[in-house]
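Q: structural data only, the sequence is not supplied:
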């Protein structure tokens with residue numbers, strides 16, 4: 001019996017994106033490139049049935065329910081392109097990019113199209129880089 005090789009995290013993300021409708025796929029690919037280019041310690045995987053980006057470096061032990069490693073989780077429910085920042089409230093975002101006041105500390109940003117993704121790329125990368133400076137290593 002032949003064993004099927006398990007896909008890497010990156011291959012799983014690629015496969016997930018391939019299944020999306022073309023317009024959404026273009027936006028997700030653009031966001032993926034921007035997020036991964038922000039820092040070499042940003043990794044990707046499928047979590048909660050969507051692309052997710054996380055800190056790959058060493059960290060102090062913590063309760064996994066705190067999601068301290070998670071940077072961004074996509075929410076593509078009903079073709080909405082929402083980026084969820086599980087610990088976004090920790091960031092002092094003066095740009096207005098991070099929205100919402102959730103008790104659990106998450107913040108969000110909703111993208112409408114590829115032009116918005118391109119125009120906000122520097123802000124998104126800045127948010128990620130600022131988040132990385134707050135990681136408890």
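A: That came through fine. Everything numeric in this text was worked out from a predicted model, so none of it was measured.
Q: pLDDT weak spots in this protein?
A: 1-4, 65-67, 79, 137 (pLDDT under 70).
Q: for the lengthiest helix in the chain, which positions count as buried?
A: Secondary structure of the chain per DSSP state H: the longest helix is helix 22-37. Residues of helix 22-37 classed as buried under the neighbour-count rule (16 or more other C-beta atoms under 10 Å) are 27-32, 34-36. Quick note: C-beta positions are derived from backbone N, CA and C, even for glycine.
Q: same question, stretch 46-53
A: 50-53.
Q: out of the residues you listed, list just those in helices.
A: Among the buried residues of stretch 46-53, no member falls in helices (DSSP H).
Q: just put the buried residues of helix 22-37 in JSON lines and tack on distance to residue 62.
A: Formatted as JSON lines, the buried residues of helix 22-37 follow (distance: C-beta to C-beta, whole Å):
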{"residue": "27", "distance to residue 62": "32"}
{"residue": "28", "distance to residue 62": "29"}
{"residue": "29", "distance to residue 62": "32"}
{"residue": "30", "distance to residue 62": "32"}
{"residue": "31", "distance to residue 62": "27"}
{"residue": "32", "distance to residue 62": "26"}
{"residue": "34", "distance to residue 62": "27"}
{"residue": "35", "distance to residue 62": "22"}
{"residue": "36", "distance to residue 62": "24"}
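Q: if we only consider those, which is nearest to residue 76?
A: Residue 76 has its nearest neighbour among these in residue 28, at 7.5 Å by C-beta to C-beta.
Q: isn't that closest one right up against residue 20?
A: Yes: using C-beta atoms under 8 Å, residue 28 is in contact with residue 20, at 6.3 Å.
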